[in-house]
Structure formats: C-alpha cells, structure tokens
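Peer 1: Can you look at this prediction? I've put the sequence above it.
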Amino acid sequence: MAEAIRVDLEQIVQGLQKRASRGEISLEELRDVVHRVERVFSETVRFLENYVRMTGGKERASVENLLKRLAPLSHHVLFEKVRQTAWSLRNEKDLKDLREALEKQGYRIINLARAGRRDEVAYLLTRIFLASGKALPDSLIRVFSPSVPDEIFRACIYAFVGVMGEKEPKDSEQGGEG
C-alpha cells in the first residue's frame with residue numbers, strides 16, 4: 001500500500017511539473033493541488049495521532065517520532081487554516097453578532113491565551129459561537145489539542161481574534177481625503 005501511495009504522489013508531481021514546463025497549468029489548479037495536499041496531510045496527522053493512542057511500547061515511540069517530524073509543517077498548516085477560517089467568517093454578512101462579541105471579548109480571550117488557559121479560551125469561544133448560532137470551526141477545535149504547543153496555540157488564537165475582532169472602518173474613514 002505504501003508503494004502505491006508513493007507512486008501516486010510521484011506521478012501527480014511529475015504530471016504537474018510537465019504541464020508547468022509547457023505553461024499548461026493555471027493558478028486555480030495549483031490552488032486546488034495545494035488544498036488537496038493540505039487535506040491529505042491533515043488527515044495523515046490525525047490518523048497518526050489516533051494510531052499513537054492505540055499502540056504501545058516501541059511502536060508507540062516510533063509513531064510519536066513520526067509525528068514530531070511532521071509537527072512544524074502541521075503547525076503551519078493549522079495556523080493558516082485558522083487564519084483562513086477567520087477571514088471567511090469575517091466576510092459572511094450574517095455574522096455581525098459573532099464579530100461584535102469577539103470585539104467585546106477579544107482582549108479577554110487573548111489575555112487568557114497568553115496565560116495558557118486553554119480551557120477558558122475554549123469556553124469563551126464556544127459560548128460566543130453558540131450564542132451566534134454557529135458551531136466552533138474544526139480548525140479552532142484542533143488548536144485546543146494537547147499536541148499543539150503553547151506558542152502555536154497562542155499564535156492561532158491571536159490571529160483568529162485579530163482578524164475577527166478588527167473593527168469595520170467607518171464611512172468617513174473609507175472615503176479617504178476630501
């Protein structure tokens with residue numbers, strides 16, 4: 001099975017390289033490929049996290065080492081997903097209540113995150129989302145995983161609150177000079 005996965009990935013990359021060298025690939029196709037790679041990567045990390053829980057002894061330590069090798073990229077992908085989630089939520093017209101609640105609670109949330117109080121941050125965000133009629137996004141739920149280091153947790157929360165809590169410019173500010 002591992003051989004089939006490796007061959008499939010190699011064929012995909014070679015196909016992309018050939019098409020790119022001939023100028024036959026669009027930016028949209030590249031975005032789609034990156035999205036698919038991120039999804040497969042995230043699913044692989046999730047699988048390994050679950051597999052660690054099911055194994056023991058030397059095998060467990062080996063799987064944990066594999067996870068550690070993936071950690072830097074995994075954390076980058078998580079951070080980007082949190083930012084993307086914040087921007088997509090921010091652009092939804094019917095979520096004014098959510099944005100206003102995050103503006104009001106933003107400083108409290110980031111101070112709790114700075115102090116490493118994940119459970120209180122999770123509680124506040126969950127309460128805000130539920131009060132706005134939305135479920136807490138998966139990318140935010142993953143931030144609260146114990147496998148996410150404190151500095152990544154804080155960075156993700158700061159990014160989310162920063163994007164979502166940013167005040168809308170007033171009409172007079174949008175007009176510029178004049």
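Peer 2: That came through fine. Numbers count the residues shown, from 1 in each chain.

Peer 1: residue nearest the centroid of the protein?
Peer 2: residue 81 (2.6 Å; C-alpha atoms, centre = their mean).

Peer 1: my read: it touches residue 139, true?
Peer 2: Yes - counting by C-beta atoms under 8 Å, residue 139 is a contact partner of residue 81 at 4.0 Å. Using the backbone N, CA and C atoms, a C-beta is placed for each residue, glycine as well.

Peer 1: can you give me how far stretch 135-152 is from the chain middle?
Peer 2: 8 Å (C-alpha atoms, centre = their mean, to the nearest Å).

Peer 1: Show me what that stretch is in contact with.
Peer 2: Under the criterion C-beta atoms under 8 Å, 6 or more residues apart in numbering, residues 49, 67, 75, 78-79, 81-82, 84-85, 89, 116, 118, 121-122, 125-126, 129-130, 153, 156-157, 160 lie in contact with stretch 135-152.

Peer 1: if we can go back for a sec, now do the same for the residue nearest to the centre of the chain: its pLDDT.
Peer 2: pLDDT, residue 81: 88.

Peer 1: next one: residue 141
Peer 2: Here the pLDDT value assigned to residue 141 is 91.

Peer 1: Secondary structure element holding it?
Peer 2: Residue 141 belongs to helix 138-143 when assigned by DSSP states H and E.

Peer 1: Alpha carbons only: can I get that helix in PDB?
Peer 2: Extracted in PDB, the C-alpha atoms of helix 138-143 (Å, rounded to 0.1, in the frame of the first residue of the first chain):
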ATOM      1  CA  ASP A 138     -12.800  22.500  13.200                       C
ATOM      2  CA  SER A 139      -9.700  24.500  12.700                       C
ATOM      3  CA  LEU A 140     -10.200  26.200  16.100                       C
ATOM      4  CA  ILE A 141     -11.100  22.900  17.800                       C
ATOM      5  CA  ARG A 142      -7.800  21.500  16.700                       C
ATOM      6  CA  VAL A 143      -6.000  24.400  18.300                       C
END
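
Peer 1: Report the buried residues of it.
Peer 2: Within helix 138-143, the residues that count as buried by 16 or more other C-beta atoms under 10 Å are 139, 140, 142, 143.

Peer 1: coming back round to it: tell me the SS of the residue nearest to the centre of the chain?
Peer 2: Three-state call for residue 81 (DSSP: H, G, I helix; E, B strand; the rest coil): helix.

Peer 1: Report the contact partners of residue 114.
Peer 2: residue 154.

Peer 1: Now the phi/psi pair for it, please.
Peer 2: Phi and psi for residue 114, reported as degrees, to the nearest 10, are phi -60, psi -40.

Peer 1: Quick check: it vs residue 135, distance?
Peer 2: Distance from residue 114 to residue 135, counting by C-beta to C-beta, to the nearest Å: 26 Å.
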